[in-house]
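A.B. asks: Sequence and predicted structure, then a few things I'm wondering about:
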Amino acid sequence: MVKFNWTINDLENRLDELKKEYYKSNDFTIKENIISDILLLQNVLNNYYDYSFHNTPNLIALYNRTKDINNKFKNIIPEINEFYNLNNQEILLPNLKQRSLSNDSLFDIANDFFKYLGHPFYGYFQKIFRQRKNHIIFSKFNQSNYTYGQIIYLKAHKEAFLEIQRINTLVDIVSLIHELGHVISAYMNSHFIEMQYCEVDTKFLELLFLDYYYNKTLDIEAIYIKASILNSAIISSKQVYNLDKLHTYEKNNYTFTNNKNLKMNAQKICNLEKEELETILKEYNSEMIRSTIGQIYGIELYYSSLEDLNNSLYKLRKIINYKAKNNEDLQNYFKKLYIYPNNHSEIYQRNLNNKVNRLYRSRKAKEKTML
Ligand SMILES: [Zn+2]
């Protein structure tokens with residue numbers, strides 16, 4: 001069994017190496033990549049143990065923090081709105097079964113999946129797989145992170161460090177596919193992961209994987225996870241949209257006075273339940289908007305794969321490789337490829353939710369008769 005590990009020390013070493021390399025190099029592009037890697041590593045090392053901003057439910061701080069973010073994302077909000085208008089039916093989800101899958105067996109499943117996707121994905125997967133010993137770490141899920149994994153991608157040497165946080169359910173393999181997806185895209189185009197749509201590939205792969213896995217194993221939990229992914233995308237787009245509405249309101253009405261008023265306005269204007277507001281306060285940050293946007297488009301790409309898988313994989317490659325000038329440029333490129341929120345997602349979503357609810361009820365009924 002391979003032992004997977006990398007540590008903060010490895011990152012510190014890379015930082016030192018890159019600093020030395022910077023002075024030695026004469027090539028402008030290389031220097032540029034090195035600088036961005038250095039900044040990334042410094043940022044990671046400074047923040048590694050500090051997730052504290054998640055714990056400051058203060059609306060004024062939040063408002064200031066997100067003002068700029070909202071300006072940056074302005075042109076995307078109408079599209080989030082379309083998605084948000086989807087009916088968010090309640091779904092009933094059971095707790096997922098605990099499984100003791102070894103790290104190696106997670107890789108086996110991932111291997112088969114990327115092999116199924118074929119070129120060029122499988123080749124990149126194999127490249128990461130060969131380096132897994134010193135570049136991937138499996139750790140225990142940490143509640144305060146709000147994430148099941150992360151990657152640190154260094155452009156200068158095309159090197160990725162991955163962390164997968166395990167919860168010992170089927171979700172672990174989805175997390176692995178997700179983070180591997182980021183690395184594969186980074187290998188293809190290192191600028192892609194800096195765009196606001198950077199989750200489009202990973203969300204698409206997650207959904208594709210869950211279908212693939214279900215067809216192979218008939219494991220019903222794959223359907224549950226898929227339903228929860230699709231529903232949580234609607235919920236987070238609703239949150240992003242609501243907070244944007246609040247920003248606009250505050251800008252036009254100058255009611256921005258104190259935290260208490262702001263909170264009351266927030267609830268009133270956005271028609272939010274108290275708990276909903278608290279969730280936004282806790283989770284709203286630029287990463288959340290970025291991931292919401294990426295998710296929506298990833299889901300749309302997934303819907304297109306139901307009609308033609310090869311075509312959607314072709315589109316995915318085009319998207320990742322596209323040398324976008326900025327986020328808006330990339331957004332237009334999505335339109336050109338006919339990927340944008342539309343109403344066939346609503347029908348799909350409703351059918352899936354109904355199916356999941358039916359499954360849940362029959363499972364409950366079975367449990368009852370066994371008592
Ligand atoms: Zn991600």
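C.D. replies: Happy to help now that I have it.

A.B. asks: and L101, how many neighbours?
C.D. replies: 15 (other C-beta atoms under 10 Å). Bear in mind the C-beta positions are built from the backbone N, C-alpha and C, glycine included.

A.B. asks: Quickly note the distance from it to E307.
C.D. replies: Look at L101 and E307: by C-beta to C-beta, to the nearest Å, they are 32 Å apart.

A.B. asks: Next, the buried residues of the helix or strand hosting N33.
C.D. replies: Taking DSSP states H and E as the definition, one finds N33 inside helix 28-47. By 16 or more other C-beta atoms under 10 Å, the buried positions in helix 28-47 come out as 31, 33-34, 36-38, 40-41.

A.B. asks: okay, that helix in PDB with CA atoms only?
C.D. replies: Backbone C-alpha positions of helix 28-47 (Å, rounded to 0.1, in the frame of the first residue of the first chain) are rendered in PDB as follows:
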ATOM      1  CA  PHE A  28       9.900  36.800 -18.600                       C
ATOM      2  CA  THR A  29       7.100  34.200 -18.800                       C
ATOM      3  CA  ILE A  30       8.900  31.900 -16.400                       C
ATOM      4  CA  LYS A  31       9.500  34.800 -14.000                       C
ATOM      5  CA  GLU A  32       5.800  35.700 -14.200                       C
ATOM      6  CA  ASN A  33       4.700  32.200 -13.400                       C
ATOM      7  CA  ILE A  34       7.300  32.000 -10.500                       C
ATOM      8  CA  ILE A  35       5.900  35.200  -9.000                       C
ATOM      9  CA  SER A  36       2.400  33.900  -9.100                       C
ATOM     10  CA  ASP A  37       3.500  30.600  -7.500                       C
ATOM     11  CA  ILE A  38       5.400  32.500  -4.800                       C
ATOM     12  CA  LEU A  39       2.300  34.600  -4.000                       C
ATOM     13  CA  LEU A  40       0.100  31.600  -3.900                       C
ATOM     14  CA  LEU A  41       2.400  29.600  -1.600                       C
ATOM     15  CA  GLN A  42       2.900  32.600   0.700                       C
ATOM     16  CA  ASN A  43      -0.900  33.000   0.900                       C
ATOM     17  CA  VAL A  44      -1.400  29.300   1.600                       C
ATOM     18  CA  LEU A  45       1.300  29.200   4.300                       C
ATOM     19  CA  ASN A  46      -0.100  32.300   6.000                       C
ATOM     20  CA  ASN A  47      -3.700  31.100   6.000                       C
END
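
A.B. asks: what residues does it touch?
C.D. replies: 8, 11-12, 14-15, 18-19, 21-22, 25, 152-156, 190 (C-beta atoms under 8 Å, 6 or more residues apart in numbering).

A.B. asks: Farthest pair within those residues?
C.D. replies: For the contacts of helix 28-47, the maximum inter-member distance is 25.6 Å, found between I8 and S25 (C-beta to C-beta).

A.B. asks: These two: who's more crowded?
C.D. replies: The neighbour comparison of I8 against S25 (other C-beta under 10 Å) goes to S25, with 14 against 11.

A.B. asks: leaving aside the residues next to it on the chain, what's closest to that one?
C.D. replies: K31 (5.5 Å; C-beta to C-beta, 6 or more residues apart in numbering).

A.B. asks: Tell me the spacing between that neighbour and E12.
C.D. replies: Relative to E12, and taking C-beta to C-beta, K31 is found at 21 Å.
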